[in-house]
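Q: curious how this folds, go ahead:
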Amino acid sequence: MAIFNDEEQQRIRAAVEDAERHTSGEIRVCIEKNCSEDVLDRAAKYFHKLDMHKTKLRNGVLIYVATVDRKFAIIGDAGINKVVPANFWDDTKEDMLQHFKFGNLVEGIVTGIAIAGDHLQKYFPHQLDNKNELPDDIAFMDGE
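A: Got it, this is the predicted structure:
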C-alpha cells in the first residue's frame, strides 16, 4: 500500500519513537484506504487485532486513518482513558484535522503522536525497566 513514501514512513516512525522515549505508553499508527464501518468501531477492531490491549499498564494509543474515505479516530486503552480529560481525544483530533484539511496527512499524524506522547508522559512516565511492548512502524491494513 503506497500511501506514504519511505521518508514519510520514517518520519512517522521517528515521531512514535520520540514520543515513547519519555513514557511507558505505547503509540501505534494504523492506516488503510477505506473504512467500511463506523470509524470508532473500525479503530477498536484494529486496536485488538494489533494487541494494543495487552500492554502491561493498559496505556496504548491508536491513531487510525482511512485515507480514501477521509476518516480517522484516536482511541486509548482503559489505563489512559481513566486519567486524561474527557475531551482529550476530540481536542487531539481537532489539532490533527487542521493539518488534514490542507492535505498534510503526515504532519497531522505526527501532531497526533506528539500530543498523545505528551499526555502519556504526564500520566505514564518513562520507567527504568521500560520495554517497547509494541512495534513502532505503521500498521498498513487492507480491509480485513
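Q: elements contacting the one helix or strand residue 28 maps to?
A: Taking DSSP states H and E as the definition, residue 28 sits inside strand 26-32. Secondary-structure packing of strand 26-32 (3 or more CB pairs under 8 Å, 6 or more residues apart in numbering; DSSP states H and E): helix 6-20, strand 60-66, helix 105-123, strand 139-140. (C-beta placed from N, C-alpha, C; glycine too.)
Q: now do the last one: which elements does it pack against?
A: Pointing back at strand 139-140 there. Applying 3+ CB pairs under 8 Å, 6+ apart, one finds that strand 139-140 contacts strand 26-32.
Q: ok, residues contacting the strand it packs on?
A: Outside strand 26-32, the residues that touch it by CB atoms under 8 Å, 6 or more residues apart in numbering are 1, 3-4, 12, 16, 19-20, 43, 46, 50, 52, 55, 59-67, 109, 113, 116-117, 120, 132-136, 138-143.
Q: mind doing that once more with 7 Å?
A: Residues from elsewhere that reach strand 26-32 (CB atoms under 7 Å, 6 or more residues apart in numbering): 3, 12, 16, 19-20, 46, 50, 52, 55, 59-67, 109, 113, 116-117, 133-134, 138-143.
Q: grab the most central residue of the protein for me.
A: In the chain, the residue lying closest to the centroid (CA atoms, centre = their mean) is residue 63, at 2.8 Å.
Q: who's in contact with residue 79?
A: Going by CB under 7 Å, 6+ apart, residue 79 touches 57-59.
Q: mean pLDDT and distance to residue 32 added to the helices and strands packed on strand 26-32, as CSV?
A: Converted to CSV, those look like this (pLDDT from 0 to 100; distance: least, CB to CB, whole Å):
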stretch, mean pLDDT, distance to residue 32
helix 6-20, 96, 15
strand 60-66, 96, 6
helix 105-123, 94, 13
strand 139-140, 94, 7
